[in-house]
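**Q** got a sequence here, can you model it:
(chains A and B)
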Number of protein chains: 2
Amino acid sequence: MARKAAIIGGGVIGGGWAARFLLNGWNVAVFDPDPEAERKIGEVMANARAALPALSDVPLPPEGTLSFAGTITEAVEGADYIQESVSERLELKHRVFAQIQQSSHGVPIGSSTSGFKPSELQENAADPSVILVAHPFNPVYLLPLAEVVPSPKSDAKVVEKAKEILREIGMFPLHVRKEIDAHIADRFLEAVWREALWLVKDGVATTEEIDEAIRMGFGLRWGQMGLFETYRVAGGEAGMKHFMAQFGPCLKWPWTKLMDVPEFTDELVDLIAGQSDAQSGKYSIRELERIRDGNLIGFLRVLKDRDWGAGRVLKEHDRMLAAQLPAPPKAEALVMAHMQVLPGWIDYNGHMTESRYLFASSETCDNFLRLIGADMDYVKGGHSYYTAESHIIHAGEAKLGDRLTGTLQVLHADDKRLHVFISILKGDEPVATVEQILLHVDMKAGKTCAAAPEVLAKLMPIAEAHKALPKPASAGRHVGQRRA
Amino acid sequence: MARKAAIIGGGVIGGGWAARFLLNGWNVAVFDPDPEAERKIGEVMANARAALPALSDVPLPPEGTLSFAGTITEAVEGADYIQESVSERLELKHRVFAQIQQSSHGVPIGSSTSGFKPSELQENAADPSVILVAHPFNPVYLLPLAEVVPSPKSDAKVVEKAKEILREIGMFPLHVRKEIDAHIADRFLEAVWREALWLVKDGVATTEEIDEAIRMGFGLRWGQMGLFETYRVAGGEAGMKHFMAQFGPCLKWPWTKLMDVPEFTDELVDLIAGQSDAQSGKYSIRELERIRDGNLIGFLRVLKDRDWGAGRVLKEHDRMLAAQLPAPPKAEALVMAHMQVLPGWIDYNGHMTESRYLFASSETCDNFLRLIGADMDYVKGGHSYYTAESHIIHAGEAKLGDRLTGTLQVLHADDKRLHVFISILKGDEPVATVEQILLHVDMKAGKTCAAAPEVLAKLMPIAEAHKALPKPASAGRHVGQRRA
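**A** Below is the predicted model:
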């Protein structure tokens, strides 16, 4: 049965949490007295539905049920996890925890606070041991980071349980071992924000120039390595010590003079808001969100392809999801892949780009090869199936967000050759079919050779079973041949 | 004739500058008294050759000539641009400028300094007006940002000329209007570095935990939007003022207590170097460089596909390069595309992934469609050529970094149908051929229709000329058909 998450506070952050849980199959109850909460969460959900599934290569579980509770008590009833994302006022958070703990016992209560320490959150609580910081980053449904900060009063088992739940919904729980104001990441954000306010106030740079100074340079570096690994590389062959010897003394240079806090006047707010309008006002917030999400999906897919950083978190999440999928049947064309059309698959016409139909077919065929044991380990052993030729026939159109299914029928197999017919379906209708010949090769020798007995032992029974299937009408045709 | 850049100082940064100029067709003379300079620059060049061309969709000009000069005078002789990247010691930089200006007159002299203001660099110079800051970011051959900082003594024409040269080599010159220690970006880097040192020193987090706190969260955001645009979005519908009202008061919170400078002791250096070894020591610096470059290429390609941020700089650079290319001939199979196999095109076998052969073919065909006027504007008008079917025959293998050429032969054309044969060549040998039928469609009606007269006026003469070409041996075959 689906588990339940209670989301207390339904703004941008609470909405992002709700979306992550829902799309990972949890039921979610939201409590937020704002009469606009339902509409706002609906808009976050629309963004999240268009984004999060694009990161996964296995189907997500069926979406959970979203409900809006009239009271905190109702929201937390039967919840397996509770996340608090109300305004950053300590006495408000204390009141919320007190209400939660009137009826909830032993369930982890994560707080989205960016500033308060867990020991502050726990003050006067009925059960301080289950309250911890679980600080996410916007957009919560895409960025994997959640800073998990316990205090000495926290129950270690509850902390581990919370981390496990965060992993299950695709996040990267970073266990912060020592509580400190603003945890880790927001200390950096605060330092940069302070410096940026000075630069704008003193007329050194506009908001747009500051953004360019970040995203054209070190921002790109930090999306894939952090601060220290980047500097380790920058030190060159001489390494980290050399880098520090170079950069260390800068701390004593006059750059650090701007460490005072700028006064937060109305003039400064107007200056920044005005510059920001000039920079980004041509886009609505919703447009900017979609642009941001598309960019982040692209970055995250790059890292996933390269098995690095945040991409590793996505791969691990896929493995967790895949472990729960049922095994495919064998007596019909095999359903070998579930896919969704991602933003990067779309061409300038707004349609799925031509080569992505073949990509979808490759994913389908790769999964079939894994099924018969011609997997990564087999390839490492020096053997593989290489595609010799492919005939693609386009039968329909796929568009952004469409869910596609890849099926595979074996037309013929012997010890060296594998002749298959792959259909890429939208619903029950093919958008493309791909007829392929694959050859089994000895990769070192660069020659065809017989597949390993254990592969043939899996392949041949499927080939035998598939002889009973009708031959697809478009198999065996050449390009431009009319249908009979 | 190729222009000449003089690179004074050949470390990681000077080497990166040399690589950018060379790969953009400039001749480069390097001066560096380090006997290892030639080897070190060779290694930067190897990285750059594997990386920079991967960002371009049009061929880069032929690589310039690299030479090593025995003196500064020799290096700057006849140079059109001079870049200084020696150690961050002001008196050393002053000596270098003095030597340069003994023989160079009126040529822009950019300094890679991250800390000094241009007015400091210009002190006592023979001609202060040509000395300016041109501060790049590592890896210089991939990241577009160069902070260009003039002083009141700078010649505005020289500054504009320097910016134009930086654009020509694919960079984004950010004109910093008011000189300040550390310019813009390094003020942020300095603030974050200081905060990070405290966190490590106080045992709050290890170098690895800090890196995860960055790259799993806000680092991804900053690669595509900067600080202010990100916060504008985070403010939600209420916008920038709302965000500032929320975040502004944090500046007065106790987070800011850590603004002292930590003492830079040997213990702290050892602590950080040791943690960094534990985090990244399993990779050599060269391996980390290649991982970083692959990730950055991926991010930059994502942004290029999405025409956003640093990707726009790449597109503009392509347009500059494309404007210099000669028009293709018409009496033979048309050379329609030059491509290079990018890291993202490689599968787990280390080979070019199957669907990328079709991608290369699509690029070739798209360029042909542009040639006959069926371009983006034509598509906006509601008409397009859709691929109906494709037969791919694999004839060889492409690997990372291979340069590929796409040629196209028209087999048949009428007002609605276009039957083409595309070859993807490595050198003179095909790695794949693709036979395709395209249909001309009215996109709104979803039906085939005759192409516009101006398109047919360009297409038909090519089709007529191509009748003289022999029919490719593998055209008209079905999948699995043996050669005659």
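**Q** out of all of them, which helix in chain A is the longest?
**A** helix A:285-305 (DSSP state H).
**Q** just checking, next helix/strand downstream of that one?
**A** Proceeding N to C from helix A:285-305, the next assigned helix or strand is helix A:310-322, under DSSP states H and E.
**Q** list the buried residues in that following helix.
**A** The neighbour-count check on helix A:310-322 (16 or more other Cβ atoms under 10 Å in any protein chain shown) flags A:Ala310, A:Gly311, A:Val313, A:Leu314, A:His317, A:Asp318, A:Leu321 as buried. For glycine as for every other residue, the C-beta is placed from the backbone atoms N, C-alpha and C.
**Q** ok, the first one touching B:Glu212?
**A** No - under the criterion of Cβ atoms under 8 Å, A:Ala310 makes no contact with B:Glu212, lying 9.3 Å away.
**Q** okay, and the common contacts of these two?
**A** A:Phe172 (Cβ atoms under 8 Å, 6 or more residues apart in numbering or on different chains).
**Q** how far off centre is the helix or strand bottoming out on mean pLDDT in chain A?
**A** Lowest mean confidence among the helices and strands of chain A (mean pLDDT, DSSP states H and E): helix A:239-247, at a mean of 72. Distance of helix A:239-247 from the chain centroid (Cα atoms, centre = their mean, to the nearest Å) equals 35 Å.
**Q** what's the answer for stretch A:469-484, then?
**A** With Cα atoms, centre = their mean, you get 40 Å for stretch A:469-484.
**Q** touching it from outside, list them.
**A** By Cβ under 8 Å, 6+ apart, the residues outside stretch A:469-484 that reach it are A:332-333, A:391, A:393, A:409, A:411, A:421, A:423, A:433, A:435, B:389-391, B:419, B:435-437, B:475-481.
**Q** sitting in helices, which of those residues do you find?
**A** Short answer: those have none in helices (DSSP H).
**Q** need the buried ones from the residues you listed selected in ChimeraX.
**A** Under the burial definition 16+ other Cβ under 10 Å, those of the contacts of stretch A:469-484 that qualify are selected in ChimeraX by:
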select /A:333,391,393,409,411,421,423,433,435 /B:389,390,391,419,435,436,437,475,476,477,479,480
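**Q** could you list the buried residues of the longest helix of chain A?
**A** A:285, A:288-305.
**Q** what's the burial count for the closest residue to A:Ala413 other than its chain neighbours?
**A** Using Cβ to Cβ, 6 or more residues apart in numbering or on different chains and skipping residues adjacent in sequence, the residue nearest A:Ala413 is A:Ala463, 3.9 Å away. Applying the criterion other Cβ atoms under 10 Å in any protein chain shown, we find 19 residues in the vicinity of A:Ala463.
**Q** name the element A:Ala463 belongs to?
**A** helix A:453-466.
**Q** just the C-alphas of the host helix or strand of A:Val96, formatted as PDB.
**A** Per DSSP H and E, A:Val96 falls inside helix A:90-103. In PDB, the C-alpha atoms belonging to helix A:90-103 read as follows (Å, rounded to 0.1, in the frame of the first residue of the first chain):
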ATOM      1  CA  LEU A  90      10.900  30.000  15.300                       C
ATOM      2  CA  GLU A  91       7.900  30.400  17.400                       C
ATOM      3  CA  LEU A  92       5.600  29.500  14.500                       C
ATOM      4  CA  LYS A  93       7.700  26.300  13.900                       C
ATOM      5  CA  HIS A  94       7.400  25.500  17.600                       C
ATOM      6  CA  ARG A  95       3.600  25.800  17.500                       C
ATOM      7  CA  VAL A  96       3.500  23.600  14.400                       C
ATOM      8  CA  PHE A  97       5.600  20.900  16.000                       C
ATOM      9  CA  ALA A  98       3.500  21.000  19.100                       C
ATOM     10  CA  GLN A  99       0.300  20.400  17.100                       C
ATOM     11  CA  ILE A 100       1.900  17.600  15.100                       C
ATOM     12  CA  GLN A 101       3.100  15.800  18.200                       C
ATOM     13  CA  GLN A 102      -0.300  15.900  19.800                       C
ATOM     14  CA  SER A 103      -1.200  13.000  17.500                       C
END
